[in-house]
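Enquirer: Provided below for reference: sequence and predicted model.
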Amino acid sequence: MTATSNLPTCNSANPNVVTVTRTGTVNTFFLKTVGRSSFTLTATSSAAKAGGSAQSLNVMFVLDATGSMSSTDSNCGITGYVNANSSPKNTPSRFECARYSVQSILKVMSTSLDKAGLMIFPGMGSQYSPTSHPCTTQPSSVAYLSSPIYYQIGTSLDATFNDGAGNLSSTSPLVQAVGNGVGTNASLTGCVTNKGGQGSYAAEVISKAQAALPTTAGTKNVIIFLSDGSYNSSSFASGQSSKSSKQCAQAVTAAQAATT
């Protein structure tokens, strides 16, 4: 174990570098004539976690919170998932599966290098920033392109989401929002739910996610978008009805703009 620059801090349970030393004896041929019959050679090589110098990340999770995400997902395997109320029994919903994916990523991200935030769609009529349990009431959704409209849960990125040993931190505002498990295996239920109400329209939230990620030298910005992928909303603010046409193409255009 060693402390390597630009990598997460190491400790006895979580080293960030593995070093291997190999020693061997090599027999000589010509040098035997001068009394040197062999050499002892030693080679050492180190492999750093994540393949070397790590890059800081700003990650914005964008979570589909529309009504269709309540449908069960038989392709989503969550070890130990139990929920007697789901149909078929013990099958997580699409929303639970997506939320579990967020939790899984947060467990392995580095709090010393990375920050993360959460947006949901449809957007809400007021800011929602759950920081403790029991959860405050999640605001109702509003029509897309309304003013004001709030997509982000909380108002900043978080770097307190795990303890460095793969366990989610219950004091993190991001973990308060997504929980630390799903079904009966959650000791902390996420405050964010899929209340829905406006249908699915992705272009606006992708653009909002791009705008919310700060530009910082040496830090890479990432948007992780989790959705069941059906974009056909008919709920738009007054004067924005033209946005109802080619909604999937609008989402693709917004994503292409974000990558630049």
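Expert: Good, I have the coordinates. Given the structure is predicted, the values throughout are model-derived calculations rather than measurements.
Enquirer: and stretch 150-163, how far out from the chain's middle?
Expert: Computed by C-alpha atoms, centre = their mean, to the nearest Å, the chain-centroid distance of stretch 150-163 equals 11 Å.
Enquirer: tell me where the chain is predicted with low confidence.
Expert: 1-9, 11-14, 26, 28-36, 39, 48-53 (pLDDT under 70).
Enquirer: and the helices in it, which stretches?
Expert: With DSSP state H, the ranges of helices along the chain come out as 94-108, 173-178, 203-212, 247-259.
Enquirer: identify the residues contacting the shortest one?
Expert: If you take C-beta atoms under 8 Å, 6 or more residues apart in numbering as the criterion, helix 173-178 is touched by 99, 102-103, 106, 116-118, 129-133, 135, 153-154, 158, 160-161, 168-170, 188, 190-192. All C-beta spots, glycine's among them, are computed from the backbone N, C-alpha and C.
Enquirer: related to what we said a few turns ago, now the helices of the chain as a markdown table including mean neighbour count and distance to A84?
Expert: Output for the helices of the chain, formatted as a markdown table (neighbours: other C-beta atoms under 10 Å; distance: least, C-beta to C-beta, whole Å):
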| stretch | mean neighbour count | distance to A84 |
| --- | --- | --- |
| helix 94-108 | 20 | 14 |
| helix 173-178 | 25 | 22 |
| helix 203-212 | 20 | 33 |
| helix 247-259 | 15 | 36 |
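Enquirer: those helices: which one's closest to I223?
Expert: Proximity to I223 (C-beta to C-beta) singles out helix 203-212 among those, at 5.0 Å.
Enquirer: that closest one - contacts with which helices or strands?
Expert: strand 56-64, strand 115-124, strand 150-158, strand 219-226, helix 247-259 (3 or more C-beta pairs under 8 Å, 6 or more residues apart in numbering; DSSP states H and E).
Enquirer: which one of the helices of the chain lies nearest to T23?
Expert: Closest to T23 of the helices of the chain is helix 94-108 (C-beta to C-beta; 34.6 Å).
Enquirer: Q55: how many residues sit nearby?
Expert: By other C-beta atoms under 10 Å, the residues close to Q55 number 12.
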